[in-house]
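Enquirer: based on what follows, work out the 3D shape:
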Amino acid sequence: MKKLSIFFFIIFISSDAFSQQAITFSSSKLQEMSLRYSGNILNWPILVSLADHDIGSNTFELSAGDLLQLRRLSNTSLIFEKQQERVNKLIGEGATIFAKNELQEVTQLFKDYLFQVQNGQLENSLQLGELMKPYTDALERTLMRNRLTSVQAQLTAKDGFVDKRIGLLAEWNSAILGDFFEESHGVRTKEESYATLSFTDGSKIVVNPNTTAVIRKSRIDQLDKSADAEITLVSGGLLSKLSAAGKERSKYILNAGSSTTELNTQSFYAENSDNNIVKLSNYDGDAEVTANNVIVKIKKDEGTIVRGNQAPLTPVKLLAAPKYLASKTDTILYQQDYILAFRSVPKAVKYRVEYSTSHSFDENVIVKEITNTRILIENLELGTTFIRIQSVDELGLKGPYSEPMFVIRNEDTKAPPIFGDQFNRPIYFTDSRTLTVTGITEPDAVVTVMSKPAKVSRSGEFSAQISLSSNDETIIVTSTDDSQNQTLKELRIVRLTENYLFDIKINGASANSDISSINSLKTITGTAFPEMEVEIKNEGTTKIVKTDSKGRWGITMDVQQGKLSITFRTNQKSTTTLTKSLTVK
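Expert: Prediction:
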C-alpha cells in the first residue's frame, strides 16, 4: 500500500476563510474550494454532498452552515495528517512486521476514513477521525514491545495465486497473507496475480503477474535501523518502492539476469523476460547498474537494457506520462462503462493502462495494452476505480505513471433535475399567445410539457412550443430517466395585455383619458400580477410602487395639469414594457 501522505495534503485554514455567508463557485474550482474550506483537495465529495448543485450553470453553492461543517472536517483532516505522520514513522521503525495487527487496524481505519470522504459521508468521517489517535497510540505501544530482528519481509498484500518457497530446493506451496519471508525464500505469482512484500523500514516490492523472485539477503541493523536486502528477479517484473528511510539509510540490491542494481530511488521497475533481456526503468533518485564489469547510472525518468551478458545500454530518457483529455482527474458517473481518452505521446509505440479498486494498485488490478489513445473501461464496480497510464517506447521501456485518475460510480437513485431561466421565477411573463418552454435536464431523460413529449438534445437542452389559452395559466413539465426517477415542475405563465393591466381607478372611479385636476390629491389603484413594478409620472413627479402577492397596487399623490403616464414593468428583461398616458385638465 502506498504511503497515504502522498495523496493527502493538509494546509492551515484560517478562521476568515470560513465566511458567514454562502459562497458559489464553478465545478472547475471544486478541488480548489475543497482545499480552501476543508483543508484537502480529496475532500471534494463531501463538498458535493453538502452543496446545492445548479446543473444549468454547473455551479455549487455552500451555505454558512455548510462552511461550519467543513471547518469540523478541516480539524479532522489535521488530526489525520498528524496520526498519518506518526504511523509512517512507526512503519519505518518496524510496525509492518512487529505490530502487524495494530498496523492493519489503523491502516484500515485510514482506508475507511478516506472511503467515507470519497462517498461524501461527513458524520462518518468525523466519527472515524476521533479514533485515529487511540489506534495509533496502541500501534506504538505494541511496536515498542515486540520489535525483533529475526524477520525482514512479509507478504502484506496478495491478489490471485501467490506461492512461497522455503529454500532454493524446496517445493512451492500456496502463500498465505501475512507469511514471513527470510533469506533464500522465494515468491512466485501466476497469471493475473500480484504480491506485495513489505520490509521493516516501510519499503515494498510489488511483484507483477507471472513473476518469480528470491530474497537472497534480508537483514536489519538495530543500532542504526538500516536494512540490507538483496533480491533476485528470476523472471517477470517487479516494482521496487523504497520508503524515504529505506532510500536514505538502507542498502537494496536488485539482481536481474546478468545485471546488478544498487537502488537509491523510491520507485524502480525491473523486467526480466524469457529471452534473457532485462529492462530497467527508474522513476526517482538514482540507480547504479552493473553488468559485464560496466557501470552506468540511470537518473530519474531514465532507463536502460541489458541483453544477455552484455554491458548495459547507454541510459535513455523515458517517455513522458500521457495526459488525460479530461480537465479533471476525478469523475462521477452512474453507468457501468467509462471512456478514457488521453493525448498521444511522441515516439510511444503503445500504452499500458492499469485500473484497480485499490489506491495502491496492489489488488484487483486489470492491465490493458493499447496502441491508440482511447479505451472503453467496462463493468466498473460501484465505488471508486483508480486509473493510471504509462507510455512504452520502441525498446519496451515503460515510462512513469500518469497522475492517478479516480472514477466514482454511484447508483442512480436521483431524479433528473430540471433547470432553466423560466423555472427560476415564481411567474414567467410573456406578451405573446405562444411560448417556447426551454430548460436543461439529463441528456438521456424523457421530457414532457403538458403531457406532450419535448425534444431533448445530447447536451440535455429541451424545448417545446405551447399556445396559451388564458392570460394566467400553469403548465406541468416532467423529466424521467431510464430508472424511472422523475422530476415534476410547475411553470406559471402570465400573458401581459393592456386591457387587463390598465383597468385603473382614480378615487374609486374608472379612469379615462381625461382626469379632472379638481381636488388634486388623487388615489390611483389597479390590479396587475405579483412580481411587477408600477411607475407613475406626472409633470416632473415620479412614483414607483410594487404589486402585492395578489397583484394589487395603489398610491396617493398630488396630480397636476398635464400628462400622467402609467408604466408596468416585470423582473424579466425579455418582456415588453407597457405604458399608457392620461390627460389631467
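Enquirer: name the SS class of Ile79, please.
Expert: Secondary structure, DSSP: H, G, I helix; E, B strand; the rest coil: Ile79 is helix.
Enquirer: grab the nearest non-local neighbour of it.
Expert: Gly129 (5.3 Å; CB to CB, 6 or more residues apart in numbering). Any C-beta I mention is one placed from the backbone N, CA and C, and that applies to glycine too.
Enquirer: quickly list what the residue nearest the centre of the chain is bridged to.
Expert: Closest residue to the average C-alpha location of the chain: Asp330 at 3.4 Å, with CA atoms, centre = their mean. Taking DSSP bridges as the rule, Asp330 bridges to Phe406.
Enquirer: quick one: contacts for it?
Expert: Asp330 sits next to Gln31, Trp44, Met405, Phe406, Val407, Ile408 when contact means CB atoms under 8 Å, 6 or more residues apart in numbering.
Enquirer: wait, which of these is closest to Lys550?
Expert: Trp44 (45.3 Å; CB to CB).
Enquirer: rewinding a little: pretty sure the residue nearest to Ile79 contacts Tyr113?
Expert: Yes: with contact defined as CB atoms under 8 Å, Gly129 reaches Tyr113; the gap is 6.6 Å.
Enquirer: mutual contacts of these two, please.
Expert: Shared contacts of Gly129 and Tyr113 (CB under 8 Å, 6+ apart): Phe80.
Enquirer: those two: which is more packed in?
Expert: Tyr113 (26 against 22; other CB atoms under 10 Å).
Enquirer: please name the nearest non-neighbouring residue to Glu442.
Expert: Pro416 is the one closest to Glu442 (CB to CB, 6+ apart), at 4.0 Å.
Enquirer: how close does the one you found get to Thr478?
Expert: 10 Å (CB to CB, to the nearest Å).
Enquirer: then Arg495?
Expert: When Arg495 is compared with Thr478 (using CB to CB), they lie 23 Å apart.
Enquirer: check Glu302 too.
Expert: As judged by CB to CB, Glu302 and Thr478 stand 60 Å apart.
Enquirer: over to Asn538?
Expert: Asn538 is 49 Å from Thr478, by CB to CB.
Enquirer: do the same with Ala287
Expert: Distance, Ala287 to Thr478, by CB to CB: 63 Å.
Enquirer: more neighbours: the two, which one.
Expert: Ala287 (28 against 20).
Enquirer: ok, now which ones touch that one?
Expert: When contacts are counted by CB under 8 Å, 6+ apart, Ala287 touches Thr261, Glu262, Leu263, Asn264, Thr265, Phe268, Leu280, Lys297, Ile298.
Enquirer: I'd say Ala245 and Phe199 touch.
Expert: No: with contacts counted by CB under 8 Å, Ala245 stays clear of Phe199, the gap being 10.0 Å.
Enquirer: higher neighbour count, the two?
Expert: Phe199 (28 against 20).
Enquirer: ok, and the closest non-adjacent residue to that one?
Expert: Among residues not flanking Phe199 along the chain, Ala153 sits closest, at 5.3 Å (CB to CB, 6+ apart).
Enquirer: try Leu491
Expert: Ile475 (5.2 Å).
Enquirer: one more: Leu382?
Expert: Closest to Leu382 by CB to CB, 6+ apart is Arg409, at 5.5 Å.
Enquirer: any idea how far Thr304 is from the one you found?
Expert: In terms of CB to CB, Arg409 sits 40 Å off from Thr304.
Enquirer: the two: which has the busier surroundings?
Expert: Under the neighbour definition other CB under 10 Å, Arg409 and Thr304 were set side by side, and Thr304 has more, 25 against 19.
Enquirer: run through the protein and note the low-pLDDT ranges.
Expert: 1-20, 147-152, 221-225, 412, 513, 574-576 (pLDDT under 70).
Enquirer: a strand runs through Asp284, doesn't it?
Expert: No: Asp284 is assigned coil when assessed by three-state DSSP, not a strand.
Enquirer: what sits against it?
Expert: Asp284 makes contacts with Thr265, Gln266, Ser267, Phe268, Lys300, as judged by CB under 8 Å, 6+ apart.
Enquirer: buried subset of these, written for PyMOL?
Expert: One line in PyMOL is enough to select the buried ones among those; burial here means 16 or more other CB atoms under 10 Å:
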select buried, resi 265+266+267+268
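Enquirer: closest to Leu254 among the contacts of Asp284?
Expert: Nearest member of the contacts of Asp284 to Leu254, counting by CB to CB, is Phe268, at 7.3 Å.
Enquirer: can you pull the contacts of that closest one?
Expert: Applying CB under 8 Å, 6+ apart to Phe268 gives the contacts Leu239, Ser240, Leu242, Leu254, Thr261, Leu280, Ser281, Asn282, Tyr283, Asp284, Ala287.
Enquirer: what bridges to the first one?
Expert: Just to be clear, that refers to Leu239. In this entry, Leu239 is beta-bridged to Val206, Tyr269, by DSSP bridges.
Enquirer: relative to Val206, how far out is it?
Expert: 4 Å.
Enquirer: please tell me how far Thr448 sits from Gly460.
Expert: 15 Å.
Enquirer: so between the two, which is more surrounded?
Expert: Looking at Thr448 and Gly460 with other CB under 10 Å, you find the greater number of neighbours at Gly460, namely 21 against 17.
Enquirer: would you list the phi and psi of that one?
Expert: phi 100, psi 0 (degrees, to the nearest 10).
Enquirer: tally up the residues packed near the closest residue to it other than its chain neighbours, please.
Expert: Of all residues not flanking Gly460 in the chain, Pro443 sits nearest, at 4.5 Å (CB to CB, 6+ apart). For Pro443, the count of nearby residues is 14 (other CB under 10 Å).
Enquirer: before we move on, back to that, just give the number of residues close to the residue nearest to Leu491.
Expert: 18.
Enquirer: for Asp503, same thing?
Expert: By other CB under 10 Å, 13 other residues sit near Asp503.
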